[in-house]
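S.K.: take this sequence and fold it.
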Amino acid sequence: MDDKERIRGFLNLQYTKIKSLAAVGSIILLAFNLALSIFSYMEFRFPKYIFFIPSAWLGVASIFILIMLIIWISAHIYVRVFEMYRTEKSAEMMFNPYGIYAFSPFQEAWFRNYHLPILKALAKEHPDDQELKDALQKVERWLHLGYIPKDEYPEDLKKYYITKIQRRV
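M.R.: Numbers count the residues shown, from 1 in each chain. Have a look, this model is predicted:
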């Protein structure tokens, strides 16, 4: 791996970390901003002090907690009721061309340690089965390459097989 690729990998890792934190941070900032905005309209409902604590502190905190609770319930409904994570995952997979045909480390380990030994055992058991021998050679070639070549990809799935040269609309 050259220096340019190493720098690109480091920057991508930092971007991913920031992106993960930014989602949570933006929700908290949004809820705090809304709590401060809403409290100015509801300030007259609170007494000046509650147990020697300024009511603004408790009012903003209670509105903040209420907004976070609404966000949490909405997220729960989004995931549990509508099950939107399924379509998001399939969209992520479809728009990531390497996720379609290249092996992930887990998939490669699964093929090497599970499927390949089974195919070899079956080939030993049935030495005259040419289809099984072809399948074994194909899987060994795929593992050596680290991906499935386009000409060997299933016909009904070739529309998802996109290389660097091709682009998605």
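
S.K.: where do the strands sit along the protein?
M.R.: In order along the chain, the chain carries the following strands (DSSP state E): 49-50, 53-54.

S.K.: not counting the last one itself, show me its contacts.
M.R.: With C-beta atoms under 8 Å, 6 or more residues apart in numbering as the contact definition, strand 53-54 has outside contacts at Lys48. Where C-beta positions appear, they are placed from N, C-alpha and C, glycine not excepted.

S.K.: quick check: mean pLDDT of that strand?
M.R.: The average pLDDT for strand 53-54 rounds to 78.

S.K.: give the pairing partners of that strand; include direction for each.
M.R.: Strand 53-54 sits in its sheet next to strand 49-50 (antiparallel), going by DSSP bridges.

S.K.: contacts for the partner strand next, please.
M.R.: Contacts with strand 49-50, where a contact means C-beta under 8 Å, 6+ apart, come from 55, 58.

S.K.: what distance separates it from the centre of its chain?
M.R.: Here strand 49-50 shows a centroid-to-chain-centroid distance of 46 Å under the convention C-alpha atoms, centre = their mean, to the nearest Å.

S.K.: and what of stretch 25-32?
M.R.: Here the centre of stretch 25-32 is set off from its chain's centre by 22 Å, with C-alpha atoms, centre = their mean.

S.K.: buried ones in it?
M.R.: Residues of stretch 25-32 classed as buried by neighbour count (16 or more other C-beta atoms under 10 Å): 31-32.

S.K.: on that earlier part again, tell me which of the strands of the chain sits nearest to Asp3.
M.R.: Among the strands of the chain, strand 53-54 comes nearest to Asp3, with 55.9 Å by C-beta to C-beta.

S.K.: got phi/psi on Phe82?
M.R.: phi -80, psi -20 (degrees, to the nearest 10).

S.K.: so which of the strands of the chain gets nearest Lys17?
M.R.: Comparison of these against Lys17 by C-beta to C-beta identifies strand 53-54 as nearest, at 37.0 Å.

S.K.: tell me the gap between the lengthiest helix in the chain and the middle of its chain.
M.R.: Counting residues, the longest helix found in the chain (DSSP state H) is helix 3-42. Average the C-alpha atoms of helix 3-42, do the same for its chain, and the two points are 17 Å apart (C-alpha atoms, centre = their mean).

S.K.: when you give positions from now on, start the count at 50
M.R.: New numbering, starting at 50: the last item is helix 52-91.

S.K.: spatially central residue for this structure, please.
M.R.: Centrality entry for the chain: nearest residue to the mean C-alpha point is Lys138, 6.5 Å, by C-alpha atoms, centre = their mean.

S.K.: understood, closing this out.
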